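K.L.:
I need the structure of the sequence given here:
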Amino acid sequence: GGGIVTCVLQERFRSVTGEYWFGAVFEGVGEEERVATLAVLSTPVGASVTIDGQRRGVTPMRIELPSVGYTVQVNLSGYGSATRTVRLSSGETVSVDIFLSRARAIEKGRSGDFYYRKGLVTFEIGDYGRAVQYLERAVELLENPEEAQALLDRTLVLTNRNPVVKTPVAEKSTPVAPTSAAMQKIPSPETPPASPAPVSPPPAVPTAPPVAVSPAPVSPPPAVPTAPPVAVSPAPVAPVVAIADIARGTPPAGWTGKNPDGLESWRKSARQFMEINNLKGAVYVRNILDWNPNDPEARAWMARIIGPAPTVVHKDEQNLVMQLPGGQEIKMTRIPDGTFDMGDTFGDGDADEKPVHPITVFDLWMSIHEVTNQQYAMFLNAWGNQFEESTYWLDINDEDCQIVCKEGSYIAKEGMENRPVVEVTWFGASAFARWMGGRLPTEAEWEYAARYAGRNLKFPTGGSLSSNDANLTGATGNDQWEPSSPVGSFSPNPLGLYDLAGNVWEWCHDWYAREYYSNSRGTNPEGPPLGDARILRGGSWYDTPKLARATYRNMNRPSESRINIGFRVALPYKP
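P.N.:
Got it, this is the predicted structure:
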């Protein structure tokens, strides 16, 4: 306690998708040696993690466990689930990195070219099951399906399925759904079946339809394509390399430095995404560096992707200060653990605030202020304004946004530097929290902190709330601002947290469900596993005191942003 500590921002590459997760490791004096550490990652993030049948959190997450074997299951609404088994050894860190495929039907009634382009994208991000669906439709609809057929054949090999060969027709006819027989690889009667032979990864631009051959061991890609295989018994092959490794960019044993098929395609895709600062380009950068770690262009991209990171500049038992690149500081305070009755204890709330139920919250750090425009601009200068789940982190084109981009740099509008950032989506808020090594507070953590560690308070300020205590609708009393006020303009609650009532609504981690309180867990609940909207808490400058009650539950779709929605950050507490 009281010793000098450091914070190391750890970054993990997503080997298939190019997304990242962040975790801050706080190294203190006299910290006990860990037994083993399990890191669970998923794409997309936010998936529920169950370890040996017990729900332990959401991705990305790190957890210390005894060094034995475990079964890890990852689930996310709208996606398929995945299960992995791991064995932990003392002192080691094991990562489980899972790509979750969307569980939905493909788009209908589109052109063959549309299906081919969608198949290409889903193949490149590693969603082979979806890629097969798109590519089969493309082969069916395109007049010249050779490229789609070649990519489909490769995808089917990756999924251990037989290729589908389109039967040539004399002229274009109305597409017909393939029969069950068409789903099998059947050689033409005039052509004797080919013997199994090694299959090399197809070139970036196929020159002819693939020969109908059965899947077989894959040898490393040759420097120069060989002649078509002859129908003879298979000859001895070079050491086997998993085609899945080739698809993901892992260099095969004995690689001589020759550029593999697809490398220039990776480079082209990387340039396209990096031009718009989109993290999806990271998958292509990672693939290039897997083949050649010294590639100068990819190394420059990597430095840009990682970007500068926050660091801990002060820490004691009660306070934590993190410094952002550029000098801004975010001050955090410890929220002590405890148990409280969550929900409408006064009996005048809405139905979704009931039933009142006991909840236990563990210690955590929470930022004393809402994140400001100036602080969020520093984040954007490190990472760019990314496009995630069909929306940008910050709606910078909205006239109400208080951050602008000038000459390639993001800055707060004049006079708005210390106002809470607005027009930020839930994804943008979560990304900032990950950058700091944390996350958004859960709904239970937020209410517990707003009620002064769970005391029976109606408002974060106590038993009453007026414009003398917070920035609410109108500009009267001590409230002279419309819309938002500079953070910290009113008195904090007893825990030292400012603006928990009014100013801007604050994004929380949880999905919203009206009946969730009937099923809420007793310790550190993280909300329902799925939903359409995320929780908002605290009221805003636009609202009356009734909506700023400590137990009031609001929500909004995570892809939407408003002039009166911001956020604060939570970090795991370590003494």
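K.L.:
Please make it C-alpha for all contacts and neighbour counts, starting now.
P.N.:
Noted.
K.L.:
Surely residue 341 is within a helix?
P.N.:
No. Using DSSP: H, G, I helix; E, B strand; the rest coil, the secondary structure at residue 341 is strand, not a helix.
K.L.:
how near is the residue nearest to it when sequence neighbours are not counted to residue 515?
P.N.:
Excluding the flanking residues, the one nearest residue 341 by CA to CA, 6 or more residues apart in numbering is residue 358, at 4.4 Å. Between residue 358 and residue 515 the computed distance is 16 Å (CA to CA, to the nearest Å).
K.L.:
Over to residue 328?
P.N.:
From residue 328 to residue 515 the distance is 41 Å (CA to CA).
K.L.:
repeat for residue 47
P.N.:
In terms of CA to CA, residue 47 sits 21 Å off from residue 515.
K.L.:
how about the strands in the stretch 351-500 of the chain?
P.N.:
Counting by DSSP state E, counting those that start in this stretch, residue ranges of the strands within the stretch 351-500 of the chain are 357-361, 364-367, 387-388, 391-392, 403-406, 409-412.
K.L.:
Need those strands in CSV (columns: mean neighbour count, mean pLDDT and distance to residue 453).
P.N.:
Shown next, in CSV, are the strands of the stretch 351-500 of the chain (neighbours: other CA atoms under 10 Å; pLDDT from 0 to 100; distance: least, CA to CA, whole Å):
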stretch, mean neighbour count, mean pLDDT, distance to residue 453
strand 357-361, 19, 94, 9
strand 364-367, 24, 97, 11
strand 387-388, 17, 80, 34
strand 391-392, 17, 90, 35
strand 403-406, 16, 93, 34
strand 409-412, 20, 93, 34
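K.L.:
Nearest to residue 61, out of those strands?
P.N.:
Set against residue 61 and scored by CA to CA, those come closest in strand 364-367, at 15.2 Å.
K.L.:
Pull up the pairing partners for the closest one, direction included.
P.N.:
strand 329-335 (antiparallel), strand 570-572 (antiparallel) (DSSP bridges).
K.L.:
how about the CA coordinates for that strand, as CSV?
P.N.:
What follows is strand 364-367, C-alpha atoms only, in CSV (Å, rounded to 0.1, in the frame of the first residue of the first chain):
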residue,chain,number,x,y,z
LEU,A,364,-14.0,-1.1,-8.4
TRP,A,365,-12.5,2.1,-9.6
MET,A,366,-14.9,4.6,-11.1
SER,A,367,-14.1,7.9,-12.9
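K.L.:
Just the helices from the stretch 251-400 of the chain, written as ranges.
P.N.:
263-275, 281-291, 296-306, 373-383 (DSSP state H, counting those that start in this stretch).
K.L.:
And the stretch 51-200 of the chain, by the same measure?
P.N.:
Going by DSSP H, counting those that start in this stretch, the stretch 51-200 of the chain shows helices at 112-124, 128-141, 146-158.
K.L.:
Might you calculate how far stretch 348-358 sits from the centre of the chain?
P.N.:
Chain-centre distance of stretch 348-358: 31 Å, with CA atoms, centre = their mean, to the nearest Å.
K.L.:
in that stretch, what counts as buried?
P.N.:
349, 352, 353, 354, 355, 356, 357 (16 or more other CA atoms under 10 Å).
K.L.:
low-scoring stretches of the chain, by residue?
P.N.:
1-34, 77-80, 101-108, 124-127, 158-262, 274-283, 304-307 (pLDDT under 70).
K.L.:
swap the cut-off to 50 and go again
P.N.:
Low-confidence segments of the chain (pLDDT under 50): 1-2, 4-33, 163-258.
K.L.:
what about the most centrally placed residue in it, which SS state?
P.N.:
Nearest to the geometric centre of the chain sits residue 45, at 3.5 Å (CA atoms, centre = their mean). At residue 45 the chain is in coil, as set by three-state DSSP.
K.L.:
From residue 568, how far out is it?
P.N.:
Taking CA to CA, one finds residue 45 at 19 Å from residue 568.
K.L.:
same check, this time on residue 484
P.N.:
Taken as CA to CA, the span from residue 484 to residue 568 is 15 Å.
K.L.:
more crowded one of these two?
P.N.:
Neighbours were tallied for residue 484 and for residue 568 using other CA atoms under 10 Å; the higher tally belongs to residue 568 (27 against 23).
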